[in-house]
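In: After the sequence you'll find the predicted model.
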Amino acid sequence: MAAAPLLKIGTRGSPLAMAQTHEARVLLAAANDDLVAPGAIGITEIKTTGDGILDRPLAEVGGKGLFTKELDVALFDGRVDIAVHSTKDVETFLPDGIVLAAFLEREDPRDAFLSMKAPSLAKLSAGSIVGSASLRRRAQILNRRPDLKVELLRGNVQTRLSKLADGVVDATLLANAGLNRLELSDKAAEILSPEDMLPAVGQGAVGITCRADDDRVLEWLSQVNHTETQIRVTAERALLAALDGSCRTPIGGLAEIDGDKICLRGLVAREDGSEMFETERSGDISDAKAMGADAGRELRSRAGDDLFE
């Protein structure tokens, strides 16, 4: 009988989630002698509620927690020791007893534009249908191109690519990081600059959660944590927390580091794109969290509470 794994990883079952999990497993084994032996790290696929609801926006059925709740439960009951996430899908406030303990090196945080009818979002014909489930993308598209239509398009990367190929929509936007990890970067017609489409908070970063009191696992994770990514995401998530951000409000945020300096851009918008509020901060990386919180408070004050109801 094979020995039980020393470290049990929980993950969603989509091809992208599995690709991210295998990346985490390779890095953990390479960084920790305890985890080198075959079978030392096991992977458990966990189906989440969000994976099964494809006909409604997340905001209508429970928000980001639909992709993480079952993984949190698996952590609490000991079925898994860590959970691997796309950081942009992790709830703003984690359950007591669970921490976001490590981040892998961030991939490209930008959005990709995909279409077989236009080489860029700017050149998409008026009246064209862009498929997206993201309120952030919807708001920014309509702010810049109010002549386009944005309709709900849910599902994993492969599902959305299939619907695009079938002509269900004329175009869609996906995280470029996901395309890169799945070796599908050739599907992108255009990579949108952050100036044209500010990414989601944490986009492109793989985050790993675990139990807050599991010292052995925390030590293993510390060996693979990418410090620059952690600092950037810390600033972005502080902005999100100050906005009390959820899937019900279009919010974007991106922090970038140059030496010991960090620059953070944030936005909040109305879903129909009629109003968009933006801000920017720069300073020392040691102030990343405070900077993010300050930017979030400013945006909330300028936008007004009714935007968050």
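Out: Yep, it's here.

In: In CSV, list the C-alpha atoms belonging to the helix or strand encompassing residue 235.
Out: If you go by DSSP states H and E, residue 235 is part of helix 227-242. What follows is helix 227-242 as a C-alpha-only set of coordinates in CSV (Å, rounded to 0.1, in the frame of the first residue of the first chain):
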residue,chain,number,x,y,z
THR,A,227,8.3,38.3,-3.0
GLU,A,228,7.8,40.8,-5.8
THR,A,229,4.5,39.2,-6.7
GLN,A,230,3.4,39.2,-3.1
ILE,A,231,4.1,42.9,-2.7
ARG,A,232,2.3,43.8,-5.9
VAL,A,233,-0.8,41.7,-5.0
THR,A,234,-0.7,43.0,-1.4
ALA,A,235,-1.1,46.6,-2.7
GLU,A,236,-3.9,45.5,-5.1
ARG,A,237,-5.8,43.5,-2.5
ALA,A,238,-5.6,46.4,0.0
LEU,A,239,-7.2,48.6,-2.7
LEU,A,240,-9.9,45.9,-3.1
ALA,A,241,-10.5,45.6,0.6
ALA,A,242,-10.9,49.4,1.1
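
In: For the following helix or strand past that helix, list the C-alpha coordinates in CSV.
Out: Helices and strands here follow DSSP H and E; after helix 227-242, the next one along the chain is strand 251-258. These are the backbone C-alpha positions of strand 251-258, laid out as CSV (Å, rounded to 0.1, in the frame of the first residue of the first chain):
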residue,chain,number,x,y,z
ILE,A,251,-13.0,47.2,-10.1
GLY,A,252,-9.5,47.1,-11.6
GLY,A,253,-6.1,47.3,-10.0
LEU,A,254,-2.5,46.8,-11.1
ALA,A,255,0.7,47.4,-9.1
GLU,A,256,4.1,47.4,-10.8
ILE,A,257,7.5,47.5,-9.2
ASP,A,258,10.7,49.3,-10.4
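
In: between the helix or strand following strand 251-258 and strand 251-258, what angle do the directions make?
Out: Following the chain from strand 251-258 toward its C-terminal end, the next helix or strand by DSSP H and E is strand 261-269. What separates the directions of strand 261-269 and strand 251-258 is an angle of 170 degrees, with axes from the mean of the first three to the mean of the last three CA atoms, to 10 degrees.

In: Mean confidence (pLDDT) on strand 261-269, please.
Out: Average pLDDT, strand 261-269: 97.

In: Counting by contacts, list what it packs against.
Out: helix 135-144, helix 227-242, strand 251-258, strand 276-284, helix 288-303 (3 or more CB pairs under 8 Å, 6 or more residues apart in numbering; DSSP states H and E). Heads up, the C-betas are built off the backbone N, CA and C, glycines and all.

In: what's the third one packed up against?
Out: Contacting strand 251-258 under the criterion 3+ CB pairs under 8 Å, 6+ apart are the following elements: helix 135-144, helix 227-242, strand 261-269, helix 288-303.

In: By mean pLDDT, flag the weakest helix or strand of this structure.
Out: Taking all helices and strands of the chain together, the one with the lowest average confidence (mean pLDDT, DSSP states H and E) is helix 58-61, at a mean of 54.

In: Tabulate the helices and strands packed on strand 261-269 in JSON lines, adding columns for distance to residue 24 and mean pLDDT.
Out: Putting the helices and strands packed on strand 261-269 into JSON lines (distance: least, CB to CB, whole Å; pLDDT from 0 to 100) gives the following:
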{"stretch": "helix 135-144", "distance to residue 24": "26", "mean pLDDT": "97"}
{"stretch": "helix 227-242", "distance to residue 24": "13", "mean pLDDT": "97"}
{"stretch": "strand 251-258", "distance to residue 24": "22", "mean pLDDT": "97"}
{"stretch": "strand 276-284", "distance to residue 24": "30", "mean pLDDT": "97"}
{"stretch": "helix 288-303", "distance to residue 24": "23", "mean pLDDT": "96"}
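
In: show me what contacts the residue lying closest to residue 6 once chain neighbours are set aside?
Out: Excluding its sequence neighbours, the residue lying closest to residue 6 (CB to CB, 6 or more residues apart in numbering) is residue 40, at 4.9 Å. By CB atoms under 8 Å, 6 or more residues apart in numbering, the contact list for residue 40 reads 5-7, 29, 34.

In: sorry, back to before: TSV for the helices and strands packed on strand 251-258, including mean neighbour count and distance to residue 167?
Out: Supplementary listing: the helices and strands packed on strand 251-258 in TSV, determined by neighbours: other CB atoms under 10 Å; distance: least, CB to CB, whole Å:
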stretch	mean neighbour count	distance to residue 167
helix 135-144	22	19
helix 227-242	23	35
strand 261-269	22	29
helix 288-303	19	37
